[in-house]
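Enquirer: give me a 3D structure for the following:
(chains A and B)
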Amino acid sequence: MATRGSGNFMRLVSDDSNASTLTEDFGNHQEELPSTLPGEQEQLPSTLPGEQEQLPSALPGEQEQLPSTLPGEQEQLPSALSGEQEQLPSTLPGEQEQLPSTLPGEQEQLPSALPGCHRGLEEELYFSRKWDPNLPLKNLPLSMQEKRKTREQRQQSRHIIDCCESWRRSQQHMRKRLREQVARVIWGLQPWSKTMHKIEGKFGVGVKSYFTFLRYLIYLNLLHCLFIGGLALAPALLFRDKNKPSGLTANESRGALDLLLGTGFVEHSPVFYGFYTPVSIPHGGLCLNTPLLFLAGMAAVLMLSAVMELRRTVIGYKHTWLLGNRYNLHMCYKVFCGWDFCIQDPNSARLKHRLIRNDIRLELQEESFHQRVSQRTFRQRLQLYFLRGILNFLVLTLLAGSFSLIYFATHISNKEKEGWILPLLYEYLPSISITVVNVLLPHLFRRIAAFEDYSLTWQVNITLVRSIFLKLATLGMFLLFLHQKDLTFVKTNQPPEPPAKLNSSKNCWENEFGKEMYKLVVFDFLAGGLNAVLLEYPRKLLVEKYPSCSLVKAIGKQSFLIPFHVLDLVYSQTVTWVGLFYSPLLVHISVIKLLLVFYIKKFVLFHCCVPAQRSFRGSQSSVLFHFTLLLGLLIAVVTLSFNVTMRTSSQDCGPFVNYSSIFNMTSSCVGTLPSPVQRTIHYFTSEAFALPLILAEIVVLTSFVSQGRANRKAIERLKEMLIMCSADKRYLVKKHSAWLRTLKSSVSAGTCEDARPTALKDPSGFQPLLLRSVSTP
Amino acid sequence: MGTTASQLPKEMLSEYQELTFLTKQEILLAHKRFMELLAKEDRSSRSTRVPMDKILTMPELKSNPFRKRICNVFSTSELKDGSLTFEDFLDLLSAFSDSATLEIKSHYAFRIFDFDDDGTLDSGDLENLVNCLTGETDDTRLTPEEMRQLISNILEESDIDKDGTVNLSEFQHVISRSPDFVSSFKIVL
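Expert: Down below sits the predicted model:
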């Protein structure tokens, strides 16, 4: 950002450098006004070089104001003179004759002089300004004809360049064009650009940002698919020992139920961890085996998503936090970037008008709200804090309740049941309870926040924060309970002879874990789909059929609540990451799921939703989206590393059967390497390396922080400089006009014998105008 | 020129590609749409102007509160009547295209918002701008009190050199910090 800031500053500077030509214009204009100002010309160039930016505003302002004030001047004159009439009956007519002759003369002169001056300025600014010759022509804000002229000028100047240079330039040009073409082709390959365009036109940029986020998640998961497919699935399929059983015995098949529960044939498919067996790849040496590849695949996927998420978050963060927060620019954004030019539908346009109006009013109200806050009495404040305390306690209770619900659901789901629907229900109990909690509580939070007397934006934010916390915490709690359950389970079932009732697959806790995640993903999808078909669509039908019914009116059509929908996505992605290790094909399932979700949401949006009442800023939200996603990733990594380090891998299934923990595998691999490599690796993993690394990081960080501070100071100083510059300008203009007035008065004193009519002698009636047009706030 | 009325010569096409941010397809589409606005007998000449009223019937501009300003800014007509030639039309689409830079977009946005064409946004311009945003009718407008408060807020936020108006560089300074702007300042055929 520092370079950008300095770029802007440079632009200011370069604008100033144009001033020399502009002062000529101004000088000419001055020459035309009073014909008897000999010293004027010498003085002007010295005062005006800084003027240039002011001129466009000052001159036309004058142009506008002159005709309006001059009549006033003329009206004033007779009244000022009325007292004199008796004394000077002979001089007055002459005087009055003189006036119309001088002032309207000026009036005529000015409009003729000023537009020329103005146009000259505009051309100076927009056209013959020295554009950076390396800037592509299309980057110039000029009309087509002017671009052609500029191109000719450039070509003339290019004659001097030798052929080597020109060849180099043309090559550069070609490469650039090729790059643009490729970028454009890739851009064109992006799916759903038509749909996005339509959404943008109907619902605005905010809703589109949700769909872009969804598309981004699909890309991310596709990339994951590639890694998993290449590093885990393909070797496992290729080098699989066909004769050896995978350590799991097959259950009786239950068809569709298996698909939903992840049991039976699904359990023995590559979807789950148990399918992957340790095989060393032929001709691959000791190190190259499927477990290592499996581990590498997982690590690559997690690293990749971490890097991508960090990048995205940082980009957005830079925009909003670093600059947006320190300089408050709400109103400017609302006004300057308020209109969405993509909107084509007249209805949406009407809606957008309303939205902007409400938004602005809201902002203004918020300002008065803050005023009200500062006027609260001690008693009121105490009451409010008490209320907030209670409500926060309520929120905590709700959270605790949902956690205990999940806890019981996790434990109950353990019990075996007969029949078709009951086991399904029981197995899905944790998923159902998590989803129900996640669907209901955010709406409750929204209601609660309304009572807390926060400002409106703060209300939205606090609801969002609570919902994020809820989503991620429920998942975290579920994982914790699952872990506990497994531990107790393992403890009770470790004894030599496992009870006959239990499947041997129960010995493979990794599979169980994977299955839970699988169920979460599947149920999340089912809930979304059913919600669309059973709730949203009937609601819409109801609203359309009985538009007059008061109850239906109260329900209304739903608006697309972007934050909550995004939270759903974040949640499902987090589950995917958590389950990744134990159910590698979860990413593939995720891709399919997200694709379907895209179409479902599109359907819901176009058929069942009305555009939201409150606008949602795209950029701001995308930071939030990616930040929450990053949090989700953090949860996934923590869970995974916890599982990997604290729990021994099961001895009956999975690629790590021969190792007590996963890291043993890597160390045994390292053992086969030649000793110098071994030593290097040992060095890199030892404390001897970690300490200098941390020190180096501290040094780098410190330098960055201090650089940031210095930049901030520089920004402050540049701002001060700008204010000083403009104050200088105003001072000089004031000085100049004052000087002009004295000159004028002395001139008119010279021409009129009578020195008294001072009212007349202010024919520099235009003179304070110059001042006014510049300094009016 | 030599070709049929509704065809663009190849050299023109490549020149337009060089001078604008538009792709070949976009230029051809723009040409097609522009020709639809013209009467049949006018289609042969390249410098025929389409009056502003006709341009404003396009669905892309119809609902836009700034449509007249847009035409005025991009018009090269001597009469200042907002009529557009095909090249002006391409300029318009180029500035509003997906690939136009922030610099270009903010520059044209400034000129569109500068209702009195005086090179700065003063309080009159801002009032016009806000009225355009909230809707032109009386009952949709802000009250004078709200308007006053709003304009003073805007100036307080964006007027860095405290001269009472927002000039181009101040405007670009504000815009450059709003990543939303590029995605919303867009008109695609």
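Enquirer: for the closest residue to A:Val587 other than its chain neighbours, which residues are in contact?
Expert: Once flanking residues are discounted, A:Val587 sits nearest to A:His224: 4.2 Å by Cβ to Cβ, 6 or more residues apart in numbering or on different chains. For the C-beta atoms, the positions are set from N, CA and C on the backbone; glycine is no exception. Applying Cβ atoms under 8 Å, 6 or more residues apart in numbering or on different chains to A:His224 gives the contacts A:301, A:304-305, A:580, A:587.
Enquirer: can you verify my assumption that A:Ile343 contacts B:Pro65?
Expert: No - counting by Cβ atoms under 8 Å, A:Ile343 sits too far from B:Pro65 to count as a contact (9.9 Å).
Enquirer: hey, what's in contact with both of those two?
Expert: A:Ala349.
Enquirer: neighbour count: the two, which is higher?
Expert: Each of A:Ile343 and B:Pro65 has its neighbours counted (other Cβ atoms under 10 Å in any protein chain shown); A:Ile343 has more, 25 against 19.
Enquirer: neighbours of A:Phe451, how many?
Expert: Residues near A:Phe451, counting by other Cβ under 10 Å: 13.
Enquirer: excluding chain neighbours, what is closest to it?
Expert: That would be A:Leu391: by Cβ to Cβ, 6+ apart, it lies 6.2 Å from A:Phe451.
Enquirer: where does that neighbour sit relative to chain B, distance-wise?
Expert: Going from A:Leu391 to chain B by Cβ to the nearest Cβ, to the nearest Å gives 32 Å.
Enquirer: what's the distance between the nearest residue to A:Cys609 once chain neighbours are set aside and A:Lys602?
Expert: Leaving aside its sequence neighbours, A:Cys609 sits nearest to A:Phe560 (Cβ to Cβ, 6+ apart; 4.7 Å). Using Cβ to Cβ, to the nearest Å, A:Phe560 is found at 11 Å from A:Lys602.
Enquirer: give me the more crowded residue out of these two.
Expert: A:Phe560 (20 against 16).
Enquirer: now name the helix or strand holding A:Arg154.
Expert: If you go by DSSP states H and E, A:Arg154 is part of helix A:144-158.
Enquirer: which helices and strands does that helix pack with?
Expert: helix B:10-19, helix B:86-95 (3 or more Cβ pairs under 8 Å, 6 or more residues apart in numbering or on different chains; DSSP states H and E).
Enquirer: recalculate using a threshold of 7 Å.
Expert: When contacts are defined as 3 or more Cβ pairs under 7 Å, 6 or more residues apart in numbering or on different chains; DSSP states H and E, helix A:144-158 sits against helix B:86-95.
Enquirer: any idea which helix or strand comes after the helix it packs on?
Expert: Helix B:86-95 is succeeded, C-terminally, by helix B:102-113 (DSSP H and E).
Enquirer: could I get the full set of helices for the stretch 351-500 of chain A?
Expert: Ranges of helices within the stretch 351-500 of chain A are A:378-412, A:421-427, A:429-451, A:456-493, based on DSSP state H, counting those that start in this stretch.
Enquirer: ignore the last one, chain B
Expert: For chain B, applying DSSP state H gives helices covering B:10-19, B:24-37, B:52-55, B:59-62, B:67-74, B:86-95, B:102-113, B:123-134, B:144-158, B:168-176, B:180-184.
Enquirer: of these, flag the one that's most buried.
Expert: Comparing the helices of chain B by mean neighbour count (mean count of other Cβ atoms under 10 Å in any protein chain shown), helix B:86-95 ranks first with a mean of 24.
Enquirer: what's it in contact with?
Expert: Contacts to helix B:86-95, defined as Cβ atoms under 7 Å, 6 or more residues apart in numbering or on different chains, come from residues A:138, A:143-144, B:16, B:20-22, B:26-27, B:30-31, B:34, B:46, B:70, B:74-76, B:100, B:104-105, B:108, B:187, B:189.
Enquirer: mean confidence score for that helix?
Expert: The average pLDDT for helix B:86-95 rounds to 88.
Enquirer: equivalent analysis for stretch A:277-290, please.
Expert: Mean pLDDT, computed over stretch A:277-290, is 70.
Enquirer: distance of the spatially most central residue of chain B from B:Glu60?
Expert: Against the mean C-alpha coordinate of chain B, by Cα atoms, centre = their mean, the closest residue is B:Ile70 at 3.3 Å. For B:Ile70, the distance to B:Glu60 (Cβ to Cβ) stands at 10 Å.
Enquirer: mutual contacts of the two, please.
Expert: With Cβ under 7 Å, 6+ apart, B:Ile70 and B:Glu60 have no common neighbours.
Enquirer: can you list the weak-confidence ranges in chain B?
Expert: B:1-6, B:44, B:179 (pLDDT under 70).
Enquirer: can you rerun that using 50?
Expert: Along chain B, segments meeting pLDDT under 50 span B:1-5.
Enquirer: nearest to chain A: which residue in it?
Expert: B:Gly119 (2.9 Å; Cβ to the nearest Cβ).
Enquirer: what's the neighbour count on that residue?
Expert: B:Gly119, neighbours per other Cβ under 10 Å, totals 25.
Enquirer: of the helices of the stretch 351-500 of chain A, which approaches B:Met12 most closely?
Expert: Closest approach to B:Met12 among the helices of the stretch 351-500 of chain A is made by helix A:456-493 (51.2 Å; Cβ to Cβ).
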